[in-house]
Structures are given as structure tokens and as C-alpha cells.
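Q: Predicted model, plus sequence, below.
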Amino acid sequence: MNLAALYINPYMSNEAFSKSQLALQRNLVNVSDLVQDNKIQSRRAQKVSTLVSAKIDVWTSYATNLRNRSKSISIDQFRSMLSAVNTDEINRTVLEMETEEQSLLNRRTARVDKDFQRTTWIVIFCITIAFLLFFLSTRILHKQIRLRQKVEKALDEARIKAMEASNLKSSFLANMSHEIRTPLNGIIGMTKLMEQTPLNARQLDYLETIKVSSTSLLSLINEILDLSKIESGKFQLEETNFELSSLIKSAVSIVDYSAKLKNLEIKTEIDPAVPEFLTGDPLRLRQVLLNLINNAIKFSEHGLIKVRITPKGPDANGSLHLLFEIIDQGIGFDAETKNKLFQSFSQGDGSMTRKYGGTGLGLAISKQIVEMMKGTIDVDSVKGIGSRFYFDVNLGLPHTDAEIQRISNLKPVAPLQGHVLIAEDNLVNQKVVSEMLSTMGCTSHVVENGNAAIAALLTDHYDLILMDAQMPVMDGYEATRLIRKGQAGEDNKTIPILATTANAIKGDIELCLEAGMNDYISKPISYNDLAFKIGKWMGRGHHVVNPLNMDNLKQEDKRSGNMLLKEVVEIFNEESPAQIKKMREAIASKEYAKIPPIAHNLKSSAAVLGAMRLKELAERIENLDLKSTNEQQVTLLVDSLDKELSLVQEYLGKHIRKQYPPPPEASP
């Protein structure tokens, strides 16, 4: 603060003097406010303010005297009055204040510099730490990435090895299936044939024991193979119409002998509200029932086993939920045992395995089948009282019952007449099948491989071929393909060929159909199944198209005077290849949902013309379970459809040319 700033000119105007006075007082107040946090400086400011106020009073008196032109105060008196107020004291005090403020400023500047240096070091330290952390985290991240890549590589290698092991296991099981089923086919087949020969009571008892033992062995093999199919994703459900009461009767008849040996009674109850005919997979449904009824027999020593079926009601899609219950009065079990029941290779505890035997797979497989049928399976049990196994499944309702004949009312198969070619390399199977055919009324000729089968077709007439899938020199698949291409003569291109194979894993029906076979018979061969399928396909003969359908269309031609048959065939020949092309495009784009509607249209067209195998193939594609079907299976079925369509078109072309010969050329 400068002393000059504290002086006021007494000779200035009144207004200017007042303004200067106010400015001075405002400056003094500002100084006091600025130093109020410092007691020493605050006292100095107060002192300066007091001294300055005294001087202002002197100046004010003198200024008033001058303005009034009064001579009451002379200049000497004014000077004397000013000197009374010590100006040096004011200047000294102001100087002290300025010195103190400068000292404070220096100290603060030094503190700021020190704080700045400290802050700079802290920032540098933090940046260094951050860089080190970034470097370490980056290094750790790179290490983790390399470790993860190494783990992923190891997992990929493990996955590849697991897939290879799974393929080896599947291959082993397929071969094991073939090797075990082949002699088993001989045992079961010969047992069936021996039943039809004169035997005494003792021999019949022995024979019944052989039959039960071989059936049990087959059941164990099937369980192991079914589990392998489920694990490999090759286990599929069929969709066909069946009569429920006959299915239940069939299941009970299989286990009835075992029940009677233990003096157990099996009683069936079907609610009257349950429809007579249903749509689903009757074989797998029967398999679940057999597993549960067999369990009830195995773990019961007395009493009644009840099989009860009741409806749970239809769903929004028109399907029907049925509840199946198998109630026994057996040994029962506790809650801890229940938790293990539906696991693979589990039978509650080791004592059960030792006492009752079995693989422990039946309930695990049953659970898988029930879940594939969109149902659930569970059990209630009280130890020492009995058990109630129950499951519900989702079954369809057939569109019409008119075409379904009651199985229970079927008459015994009439004697068949025909000459059958058996392509089979196993001597036991050759004997079993030929004896079965002889019992049915058919004659047969046996060859040991596909190459010999083609040679036999070129030298003799046959009504049907039973073709083993796995044979030396040439297997059944390759032989069938060559026969369909005409290698065994034009007349045999359409001969019915039924696959016979014990390969339960890789001998899938799609492979047989793709090769050109008409149907599939699994080994061990059932006498009734063989008789039914031979009768079915031998009845159709070598016809690709049912002649009755052609005759009906010809009759319509005559009635209407139009060429209806020709028009229908032309439309069929134009649209069918396009439909198969659309199926292949859907497979390529993995839009499998587009395939069933296309197959439905093709099925309808084939049915009109009487191309029955083409219709059945299209129907199989239409009913595919897209969730459990892989690309290879769909492709094989479409390939089968394409090959059969070629045969149908070839047949129709010959028929149309014969029915509508071209007009003779005009003579020149």
C-alpha cells in the first residue's frame, strides 16, 4: 500500500473530494478484509485506518473552511493540524504490512513449489506403477492367452481322440452285434423250427428253457446296443399306426411264462376312453413296457402285477397323452435307491445285481425312450410293500381307422408260394432262413455273396431276394445297387429286395433304402416278421407301379374320352424331379423344416399312380423327427427317393408309349 493513495487534495471539487474519501475508506476496508486471518496484520490495518481517519478529519475541516471562504483556519494552522497526525507512522505501518505480505507470499510460493515437486514425484511414481501394472497385466494376459490356446488345443485333441474312440466303439459294437447275433439267430431260429416237430413233454421243457435263455441273451445284447445308439445319436423313433390292445397283449405274452414260473399273475386294465388305434413307435413303446414288467416280475415273489393305461387328455396339437402304470407287490425300495434307478449300469445296490442279475440299463434306456416320446417316467415305492412305475407319452391319433385291420383278428398267414434267393454267407443263417421259407411254402436257393446273387439272377427266375448286408467279395449294398442298374437283367431291376442284417448300429434302414432295398429285417429273424414282409412284397411282385392304379386311370380315359392317364403322368414327370431338387436345396441350406411338406406333395402324387415304394419313401421323409435327424440320414432318404423316381419314370414311360403309340409317319 502506497501512502500517496491515502492523500486527498483539499482543493478538488466537493464531489471529487467525496468520491476520493469513499474510495479511500473502501480500500481500507478491503485491506482489513484481506488480512483478517492474520492478527498482527489485522492490528496494523486497524492502526492505519485510525491514523488515516484522523488525517481525513483534518482535510475535511480545512476543505470545509475553504469552500465557505472562511479564514477561521489558516494555512499554518492546517499544516500544524496535519503534522499532529504522524504520516511517518502511517507509512511505517503500511511498509510493515507490505513486508509481511511479501514474506507470506514468498513462504506460500515456496510451499507451492514444494507441493508441486511432491505432486510431480507422486504423478511420476503413479505413472511408473501404472506402467508396471500394465506391463505385468499384459504379460499375464498373454500368458493366459497362450495357456488358453494350449488348453483349447489339448481339448481339441482330446475331442478328436474321443470321437475316434467313439467311432471305434461304435464299430466294435457293430461288429460285435453282427458276430453275436449271427449264432443267436441260429439258436432262436432253430428253436422256432424245432417247436413244429413232434416232441415229448421233456423235450418241450428243454426247448422252452433254450427259448427263454436265448431271448434273455438277445434282450441283454439289445440293451447294450440301444444305449450305444442313444449315445451316438442314432437312436430314432418310427411313426406308424398300431392297435394298443394288441401291443399290450403282445408284451404280456412275452413275459407270461416267466411270471407263471414264479406264480405271479399279470392283469391289464385299459381305460375305455383310450382310443383303439394310435400313432407312434409301437416297438419302442413295447420295449419300455417289457422293461418295466420284467422288473416287476424280477423283484416280486408273490401277488399281482397290474398294467394300467389311462388317458391324460389331448394337447393343442391333437396328440394324446397316455399314462402307463405297472404296479407290483414286490420288495420295493427306499428313496436313496430311487435316486440311482434311472442311471446307466445302476441297480440300486450291489446286492440286487448279485441276486437278480441284469445290466442295469433297462430303466436308463426306458427313460431315454419316454423322453424322446415327449413324456416323463418316475416311480413310487415302499420298501417291503411294492412299487408303482409309471410313465406318460405323447402319441398321435390316426386320421382314419378304416384302413387298419385289427391285429387280434388277423387270420394265420396263408401258405406262400414263390422262389426266393437267399444271399447269406453264414451257414447257420442259411439253414435257418431256408427252413423257415420251406415251412411257409416257398422254395429257395442260397448263395454266399452279392456277386453270386447277381450270377444266380441271370440264370434263374426269383420272386424275391433276402439280401444280407455284410458279405465277403461283394456286400449286399453294392449288389443291390448293381441289380437296380440292370446288371442282373432288365427284368430283375425291380425285384423286391429285403435286407437282412445283424448290424444294429451302422446297418441303418436309410443305408438299405439308399442302396435300393425295399425293406429291412433285423436279425435274429422273427418267423412272423419274415412271413409278413415276404407276403407283402412278394404280393406286389416286380411292379414299380401297381397295375390296378393304371387300369383305373385307363377306365377313366374310356369313360371321359380324354387322355387322363397321359396328362397325369406328364404332370408327375414334370413336378416330381423339381420337388426332389427343392429337397436337396433345403438340405444344402440346412432348412430341414421345408422338406416334409414337399415330401407330402410327392407322396400324394405317387399314391395316385400306385407307385407304392415311392409313396412309402416320401412318407418316411414326411414323418422325420427333424430334431433327432442328421443331414446324412436325410440325404440318404432323398437319394433313395431319387433312385426310385427314376425307376417309376422309366416304367411310366414304357407304359405310356404302349398305351398311346405315336401316329404312323405319313408316306411320302
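A: Structure's in. What do you need? Everything numeric in this text was worked out from a predicted model, so none of it was measured. Residues are numbered from 1 along each chain as shown.
Q: What about Met467, how many residues nearby?
A: Look at Met467: counted by other CB atoms under 10 Å, it has 28 neighbours. (Each C-beta comes from the backbone N, C-alpha and C, glycine too.)
Q: Quickly list what it is bridged to.
A: Listed by DSSP bridges, the beta-bridge partners for Met467 are Ala423, Ala499.
Q: can you give me the helices for the stretch 1-150 of the chain?
A: Ranges of helices in the stretch 1-150 of the chain, per DSSP state H, counting those that start in this stretch, are 14-34, 39-67, 75-84, 87-195.
Q: Pick the most buried one from the ones you listed.
A: helix 39-67 (a mean of 17; mean count of other CB atoms under 10 Å).
Q: What's the mean pLDDT across that helix?
A: Mean pLDDT, helix 39-67: 75.
Q: Stretch 623-632 too?
A: Mean pLDDT, stretch 623-632: 72.
Q: now swap in stretch 129-142 and tell me
A: Averaging pLDDT along stretch 129-142 yields 86.
Q: Please list all residues in contact with the nearest residue to Gly516 once chain neighbours are set aside.
A: Once flanking residues are discounted, Gly516 sits nearest to Arg484: 4.0 Å by CB to CB, 6 or more residues apart in numbering. The neighbourhood of Arg484, defined by CB atoms under 8 Å, 6 or more residues apart in numbering, consists of 493, 515-516, 643, 647.
Q: Does anything pack onto the helix or strand hosting Ser366? Which helices or strands?
A: Per DSSP states H and E: Ser366 is located in helix 362-372. With contacts taken as 3 or more CB pairs under 8 Å, 6 or more residues apart in numbering; DSSP states H and E, helix 362-372 sits against helix 201-232, helix 282-298, strand 376-382, strand 386-395.
Q: who's in contact with the next helix or strand after the second one?
A: If I follow you right, that is helix 282-298. Next along the chain after helix 282-298, taking DSSP H and E as the criterion, comes strand 304-314. Strand 304-314 is contacted from outside by 244, 248, 252, 259, 264-271, 273-274, 289, 293, 296-297, 320-329, 392, 397, using CB under 8 Å, 6+ apart.
Q: now strand 304-314, how far from the centre of its chain.
A: 30 Å (CA atoms, centre = their mean, to the nearest Å).
Q: Same check on stretch 521-534?
A: Chain-centre distance of stretch 521-534: 34 Å, with CA atoms, centre = their mean.
Q: end-to-end on that stretch?
A: One end of stretch 521-534 sits 10 Å from the other (CA to CA, to the nearest Å).
Q: which parts of it are buried?
A: 521-527, 530-531, 533-534 (16 or more other CB atoms under 10 Å).
Q: average pLDDT across it?
A: Mean per-residue pLDDT for stretch 521-534: 80.
Q: before we move on, what about stretch 643-652?
A: With pLDDT averaged residue by residue, stretch 643-652 scores 88.
Q: Going by neighbour count, which of the contacts of strand 304-314 are buried?
A: Buried residues within the contacts of strand 304-314, counting neighbours by 16+ other CB under 10 Å: 244, 248, 252, 259, 264, 266, 274, 289, 293, 296-297, 320-329, 392.
Q: Mark which of these are part of strands, please.
A: Using DSSP state E, the subset of these located in strands is 266, 320-328, 392.
Q: how close does the residue nearest to Gly516 get to Arg613?
A: Between Arg484 and Arg613 the distance is 12 Å, computed by CB to CB, to the nearest Å.
Q: Sketch out the low-pLDDT regions of the stretch 151-300 of the chain for me.
A: Residues of the stretch 151-300 of the chain that meet the criterion pLDDT under 70 lie in 166-179, 216, 219-220, 222-236.
Q: can we see that at 50?
A: For the stretch 151-300 of the chain, not a single residue meets the criterion pLDDT under 50.
Q: about what we covered before: now, among the buried residues of stretch 521-534, which is nearest to Ala606?
A: Nearest to Ala606 among the buried residues of stretch 521-534 is Lys533, at 20.4 Å by CB to CB.
Q: Could you export stretch 208-217 as CSV, CA atoms only?
A: Output of stretch 208-217 as CSV, limited to C-alpha atoms (Å, rounded to 0.1, in the frame of the first residue of the first chain):
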residue,chain,number,x,y,z
GLU,A,208,-38.7,-123.8,-23.7
THR,A,209,-35.6,-123.3,-21.5
ILE,A,210,-33.5,-122.7,-24.5
LYS,A,211,-36.0,-120.3,-25.9
VAL,A,212,-36.2,-118.3,-22.7
SER,A,213,-32.4,-118.2,-22.3
SER,A,214,-31.8,-117.1,-25.9
THR,A,215,-34.5,-114.5,-25.6
SER,A,216,-32.9,-113.1,-22.4
LEU,A,217,-29.5,-113.1,-24.1
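Q: Going forward, the N-terminal residue is numbered 56.
A: Understood, numbering begins at 56; the last thing we discussed is stretch 263-272.
Q: From the chain's centroid, how far away is it?
A: Averaging C-alpha positions (CA atoms, centre = their mean) puts stretch 263-272 39 Å from its chain's average.
Q: quick one: which of the contacts of Arg539 has the most company?
A: Counting neighbours by other CB under 10 Å, the top entry in the contacts of Arg539 is Ala570, with 25 neighbours.
Q: My guess is that one contacts Asp530. True?
A: No. Using CB atoms under 8 Å, Ala570 is not in contact with Asp530; the gap is 9.4 Å.
Q: Can you name the residues bridging to the residue nearest to Lys367 when sequence neighbours are not counted?
A: Excluding its sequence neighbours, the residue lying closest to Lys367 (CB to CB, 6+ apart) is His376, at 3.9 Å. The partner list for His376 in beta bridges (DSSP bridges) reads Gly368, Asn449.
Q: His376 contacts Leu452, doesn't it?
A: No. Counting by CB under 8 Å, His376 sits too far from Leu452 to count as a contact (11.6 Å).
Q: From Ser308, how far out is the residue lying closest to Pro453 once chain neighbours are set aside?
A: Spatially, and ignoring its direct neighbours in sequence, Pro453 is nearest to Asn296 (4.6 Å; CB to CB, 6+ apart). Per CB to CB, Asn296 is found 21 Å from Ser308.
Q: Those two: which is more packed in?
A: A direct count of neighbours by other CB under 10 Å for Asn296 and Ser308 places Asn296 higher, at 17 against 10.
Q: Pretty sure that one sits against Leu452.
A: No. Between Asn296 and Leu452 there is no contact under CB under 8 Å: 9.7 Å.
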